[in-house]
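1. Below are the sequence and a predicted model for it; my questions follow.
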Amino acid sequence: MSFDASLVRVLPEIREALSEGRPVVALESTIVAHGMPYPANVEMAESVESIVREEGAVPATIAVVDGAIQVGCDSNVLERLATEPGVAKVSRRDMPVVLAQGSLGATTVSGTLIGAGLTGISVFVTGGIGGVHRGVAETWDVSADLDELARHDVAVVSAGAKSILDLPKTLEVLETKGITVLGFGTDEFPAFFAPSSGVKLVHRADSPGQVASMLKAKWGLGLEGGVLVANPVPEEFGFDATPAIEKALVEAGRRGIEGKALTPFLLKRIADVTGGQSLAANVALVKNNARIGAQIAVAYAAL
Ligand code: PSU
Ligand code: MN
């Protein structure tokens, strides 16, 4: 891939690891700026980076900083993302504007995939991906995450997608785009706060090594595009968030919340309605994904 190198700033530790073929794990920043309240957001970001290191990989949180996609954020940038008001939420559509303005941007799964893809990072850990929203026939709201997953050779580890989305339609789009979805130790698509959704998956993997072999087969053949590893929330933190989700959706409809504001609004309302139970689950599942994602990166680098 050829691109203007002045638009991508890779921190030295990450550049060295990549050039030596050592495992690197990309992490997104929208979850920090728009997915969780302060200070849970920055604590989560710091502990996820430590977990990745414990497992023998190098963490690379990706954001848009001072006119470049920055691969690797120090604690100063993480703190800014976690606290500054008006941080942009950056998907592919927003990228040129935020880069040219030189403003601070938090990358969604889609924006982060662009940074990971450009720098050759093969594994990316997040909480939940965006997808096809409920009521899509009216709103046409389908997250840019799905298109972006098809564009880059990156495995994304997530706890599935929460039922603010239409899960069966999300899986249909993933199939159309050729994105392999692996249930990690499960036959069902996990529903983010809940370990199961009742929606069956076609493929599963039961170990990081199995995922790594599938990645090698896919990309070894030149089948470009991503793989989605769907890793359920740890049992002790999982709960049925359906009533809170329904309530938040009704409220969003009544207040006319739409577009890029919808997902952050729903996450915040669900946390309010569940008295923080959803936040605890969210933190737990991201940490769990970080551990598995780092193990996958280590196994893939060893092949
Ligand atoms: N789902 C979550 N937490 C999040 C997001 C999704 O449980 O923080 C964020 C991710 O950054 C994802 C983005 O890429 O929301 C999707 O936004 P949209 O639905 O506007 O495409
Ligand atoms: Mn959307």
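-> Noted; the coordinates are in hand. Residues are numbered from 1 along each chain as shown. Ligands and ions are numbered 1, 2, ... in the order given.
2. so does stretch 227-240 get close to ligand 1?
-> No: figure legend: stretch 227-240 not in contact with ligand 1 (C-beta under 6 Å from any ligand atom); closest approach 11.0 Å. Glycine gets a C-beta too; all of them are placed from N, C-alpha and C.
3. Could you pull up the residues touching the residue nearest the centre of the chain?
-> Nearest to the geometric centre of the chain sits Thr126, at 3.1 Å (C-alpha atoms, centre = their mean). Counting by C-beta atoms under 8 Å, 6 or more residues apart in numbering, Thr126 touches Leu27, Glu28, Ile31, Val109, Thr112, Val156, Val157, Ser158, Val286, Asn289.
4. Which residue comes closest to Leu167 once chain neighbours are left out?
-> Val199 (4.8 Å; C-beta to C-beta, 6 or more residues apart in numbering).
5. For the one you found, what are phi and psi?
-> Per-residue torsions, Val199: phi -90, psi 120 (degrees, to the nearest 10).
6. ok, it touching Pro190?
-> No: the pair Val199 / Pro190 is not scored as a contact, 9.3 Å apart, by C-beta atoms under 8 Å.
7. Look at the two and report which has more neighbours.
-> Between Val199 and Pro190, Pro190 has the larger neighbour count (other C-beta atoms under 10 Å), namely 28 against 15.
8. For the helix or strand hosting Thr61, give the mean pLDDT please.
-> Thr61 is part of strand 58-65, with elements assigned from DSSP states H and E. Across strand 58-65, the average pLDDT comes to 98.
9. Restricting to C-alpha, output that strand in PDB.
-> What follows is strand 58-65 as a C-alpha-only set of coordinates in PDB (Å, rounded to 0.1, in the frame of the first residue of the first chain):
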ATOM      1  CA  VAL A  58       2.900  -4.600  22.100                       C
ATOM      2  CA  PRO A  59      -0.200  -2.500  22.500                       C
ATOM      3  CA  ALA A  60      -1.000   0.200  19.900                       C
ATOM      4  CA  THR A  61      -3.900   2.500  20.700                       C
ATOM      5  CA  ILE A  62      -4.800   4.400  17.500                       C
ATOM      6  CA  ALA A  63      -6.200   7.900  17.400                       C
ATOM      7  CA  VAL A  64      -6.000  11.000  15.200                       C
ATOM      8  CA  VAL A  65      -3.500  13.500  16.800                       C
END
